[in-house]
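> Show me the folded form of this:
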Amino acid sequence: MPKIVDHAERRRELAEAVWHVIARGGIDSVSTRSVAAASGWSTGALRHYFATRAELLAFACEQVIDQVTARIEGLRLPADPVVAVRAILLETMPVDELRRVEATIAFSFLALGLGDPALARVQRRHFSSMFEMCRRLVDGLATHGVLAGDPDDLDTVARRMHAVVDGLTMHVLAGHLSSPEMVAQLDAYLADLTGRDPRS
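A predicted model of the protein is given here:
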């Protein structure tokens, strides 16, 4: 019988190869040839799944979004809502090598999306999914009555949370903050937002 090929699994393997290439040499090192070498595939086999570098990058970024989402959904969260929000936000931030690679891939689309509609679509998905998560977190804090000052405009609170998380992430990726400094700044922000120590 002919061998049944799991195409979805093969595409995931290629996405992981892209992540390895980026971890070693940055986003500029991604090419059909470098990803083929990292995956052990021929360039011809790779092009069967992704005709262009842009398609490969777009898929790899969407896999990052899905991976982070699944990881957050699998968290065993503490009962304290502020501590839970901290744990969720840190899953999206570069506190270790895996999350640094994920963040590098996601934020590379800021520039790449300017000139390519397919990459711009992924960029919009990244930003909209992150904002929607922040809005759900803010809604949860409001429901528990732990937002300092009891703000009326929760949409604005969520947008500020999104901006803080993205800004701190960018500062780590740019080398302006270390990961521990980033976490300390996030804790300070959450303390201001809720009037409570997010580490307890």
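> Low-confidence regions, this protein specifically.
Scanning the chain for pLDDT under 70 picks out 1-6, 113-114.
> Longest helix in it, by number of residues?
Ranked by number of residues, the top helix in the chain under DSSP state H is helix 117-143.
> Skipping adjacent residues, who's closest to L177 in space?
Take L177 and drop its neighbours on the chain: the residue closest to it by CB to CB, 6 or more residues apart in numbering is H171, 4.2 Å away. From N, CA and C alone the C-beta is placed, and that goes for glycine too.
> And the one you found, how far from S179?
10 Å (CB to CB, to the nearest Å).
> same thing with G149?
30 Å.
> And those two? Which one has more around it.
Comparing G149 with S179 by other CB atoms under 10 Å, the one with more neighbours is S179, at 16 against 10.
> Pop out the phi and psi values for the closest residue to that one other than its chain neighbours.
Setting aside the residues directly before and after it, S179 is nearest to V95 in space (CB to CB, 6+ apart), at 5.0 Å. As for V95, its main-chain torsions (degrees, to the nearest 10) stand at phi -90, psi -10.
> Could I get the contacting residues of V95?
S179, M182, V183 (CB atoms under 8 Å, 6 or more residues apart in numbering).
> The helix or strand hosting the residue nearest to L177 vs helix 117-143, what angle?
Taking DSSP states H and E as the criterion, the element that holds H171 is helix 154-173. Regarding helix 154-173 and helix 117-143, their directions subtend 120 degrees when assessed with axes from the mean of the first three to the mean of the last three CA atoms, to 10 degrees.
> Show residues contacting the helix or strand following helix 154-173.
Counting by DSSP H and E, the next helix or strand C-terminal to helix 154-173 is helix 179-194. Here helix 179-194 makes contact (CB under 8 Å, 6+ apart) with 82, 85-86, 89-90, 93-96, 141, 146-148, 157, 161, 164-165, 168-169, 171-172, 177, 196-199.
> So which bits of helix 179-194 are buried?
For helix 179-194, burial by neighbour count (16 or more other CB atoms under 10 Å) applies to S179, M182, V183, L186, Y189, L190, L193, T194.
> Wait, L57 touches T32, no?
No: counting by CB atoms under 8 Å, L57 stays clear of T32, with 11.0 Å between them.
> So between the two, which is more surrounded?
Higher neighbour count among L57 and T32: L57, with 25 against 17, using other CB under 10 Å.
> For that one, what is the enclosing helix or strand?
According to DSSP H and E, L57 maps onto helix 53-73.
> what residues does that helix touch?
Outside helix 53-73, the residues touching it (CB under 8 Å, 6+ apart) are 11-12, 14-16, 18-19, 27, 30-32, 35, 46, 50, 88, 91-92, 102, 105-106, 108-109, 112, 116, 118-119, 121-122, 125-126, 129, 133.
> For the residue lying closest to L75 once chain neighbours are set aside, list the residues it contacts.
Excluding the flanking residues, the one nearest L75 by CB to CB, 6+ apart is A87, at 6.2 Å. Listed by CB under 8 Å, 6+ apart, the contact set of A87 reads L75, L77, P78.
> Having no further points to raise, I will conclude here.
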